[in-house]
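# Output the structure for:
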Amino acid sequence: MSDPSEPAGPRVAVAPEEPSIVDKARAAPVTFAILALNVAGFLWVQTHGGSDDLATSIKYGVLDGTLVWAGEYWRLVSYMFMHGGWMHILMNMYVLIGWGPPLERALGKKRFLLLYMLSGLAAGCASLVSGLLFAPHRTVGASGALFGIIGAFMALRRRQLGTFQAFFADKGIRSILVQIGLWTAIGSYALHLDNAAHLGGFVSGFAIVWVMTSAPAARRKEWLALAFALGGAFILAAHPWMLPRASEANELRALANSYLTGKAMDGDGNLVPWPHDVARGESLLEKGCSRGAASSCDLLADHVSASGAPDAASRAAALRQRTCELDPGSCQQLR
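Next up is the predicted model:
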């Protein structure tokens, strides 16, 4: 037995056991559920045509302004669970695992899920509005919602620090802002990232968590203001009550015609195979016609007339009359 009067030897520090992936998933179930949905969505697209195939991307939910305008509003959700290649999804899921769990623990499961979905919706709306103002484009990926998570973290940090002066003086915050600036520059000049979606997600994420952590007396008014802002963004993005621009109407007609014929025109002017889906082509033309696209009414009239259905003649005549009402100049061309 050792002499108790002798000094004890140095104590060896034991590192805490690293939590298993199951433990991490239990601690942040919403984060891991979102990750699983993203991976499942990506693998589904990869095994049903590939994420680099335009027809496949459009079929499974890429965010396309023309199709959203035509009534496919579900794309504002589906695009968040699609990615354009292995590197894209790996980078986004790495960010999700890094930022998601601590924020989910801070906010709770329900509020974290609400933050993620609303940030993704706002990011999609920002992307569509930028397409209306500048050049139309298609978007996929979770990065808009992920920027919402980063914005949410910064809102919590601002609450902790008390003032914006202390907030901008914080080294961690300045580091994050510098990284965001660098990624924005890279996205503008090198990788062609959707900076509008990133900005929309970031601003909405900050605003949502700012409202979540407001004093109870002010929270109701702030939620109403936020709902009004998000609703306005959706209306600007989808413009459901406005007449389509010529570019939107022409693109919708081309997409519908591709589904009707099973062929599409590539960037070099060559005909390439396209999924032959008559029902989808008709649906797109009907939506376009109902929203004021004369070219959609005209093509649908041609399609109905050639179908040989018992009521084909009367339906085609009604559609040609609708075309005439929307575009009086086309009346001279009606057969």
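# show me where this protein has strands.
Using DSSP state E, the strands of the chain run over residues 63-64, 138-139, 263-265, 271-273.
# will you turn those into CSV that also has mean pLDDT?
As requested, those are arranged in CSV below (pLDDT from 0 to 100):
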stretch, mean pLDDT
strand 63-64, 95
strand 138-139, 94
strand 263-265, 90
strand 271-273, 87
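# Low-confidence ranges, the stretch 101-250 of the chain, go.
When the per-residue scores of the stretch 101-250 of the chain are filtered using pLDDT under 70, no range remains.
# domains for this protein, by residue range?
Domain assignment for the chain, taken from automatic domain parsing, gives 21-238, 246-333.
# is it possible to export these to TSV including mean neighbour count?
For every residue, glycine as well, the C-beta is placed using N, CA and C. Rendered in TSV, the data for the domains of the chain read as follows (neighbours: other CB atoms under 10 Å):
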stretch	mean neighbour count
domain 21-238	18
domain 246-333	17
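# circling back to that earlier point, out of the strands of the chain, which is closest to residue 118?
Among the strands of the chain, strand 63-64 comes nearest to residue 118, with 15.8 Å by CB to CB.
# And the contacts of that closest one?
Counting contacts by CB atoms under 8 Å, 6 or more residues apart in numbering, the residues outside strand 63-64 that touch it are 58, 75-76, 78-79, 124, 127-128, 138-140.
# 7 Å instead, please
58, 75-76, 79, 124, 127, 138-140 (CB atoms under 7 Å, 6 or more residues apart in numbering).
# Please apply the same query to stretch 256-263.
For stretch 256-263, the surrounding residues in contact (CB under 7 Å, 6+ apart) are 264, 271-278, 280-281, 284-285, 296, 299, 303.
# for stretch 314-328, same thing?
Under CB under 7 Å, 6+ apart, the answer for stretch 314-328 is 289, 292, 294, 297-298, 300-301, 304-305, 330-331, 334.
# do stretch 88-103 as well
Stretch 88-103 is touched from outside by 24, 27-28, 31, 34-35, 38, 42, 83, 112, 141-143, 146, 149-150, 152-153, with contacts defined as CB under 7 Å, 6+ apart.
# if you set the cut-off to 8 Å instead, what comes out?
By CB under 8 Å, 6+ apart, the list of residues contacting stretch 88-103 reads 24, 27-28, 30-31, 34-35, 38-39, 42, 83, 112, 115, 140-143, 146, 149-150, 152-153, 156.
# Mind checking which of these are in helices?
24, 27, 30-31, 34-35, 38-39, 42, 112, 115, 143, 146, 149-150, 152-153, 156 (DSSP state H).
# Now do the end-to-end distance for stretch 306-316.
End-to-end distance of stretch 306-316: 9 Å, with CA to CA, to the nearest Å as the criterion.
# heads up, I number from 2, so please use that
Okay, using 2 as the starting number, the last item reads as stretch 307-317.
# Average pLDDT for it, rounded please.
Stretch 307-317 carries an average pLDDT of 90.
# Please enumerate the helices of the stretch 102-251 of the chain.
110-134, 144-162, 165-170, 172-190, 196-213, 217-239, 247-262 (DSSP state H, counting those that start in this stretch).
# Can I get the ones you listed in TSV including distance to residue 325?
Putting the helices of the stretch 102-251 of the chain into TSV (distance: least, CB to CB, whole Å) gives the following:
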stretch	distance to residue 325
helix 110-134	28
helix 144-162	42
helix 165-170	59
helix 172-190	45
helix 196-213	38
helix 217-239	27
helix 247-262	16
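# Out of those helices, flag the one nearest residue 48.
Put simply, out of the helices of the stretch 102-251 of the chain the one that sits nearest residue 48 is helix 247-262, at 21.5 Å, with distance taken as CB to CB.
# Look up how far residue 179 lies from the nearest residue to residue 254 once chain neighbours are set aside.
Spatial nearest neighbour of residue 254, excluding adjacent residues (CB to CB, 6 or more residues apart in numbering): residue 296 at 4.6 Å. For residue 296, the distance to residue 179 under the criterion CB to CB, to the nearest Å works out to 48 Å.
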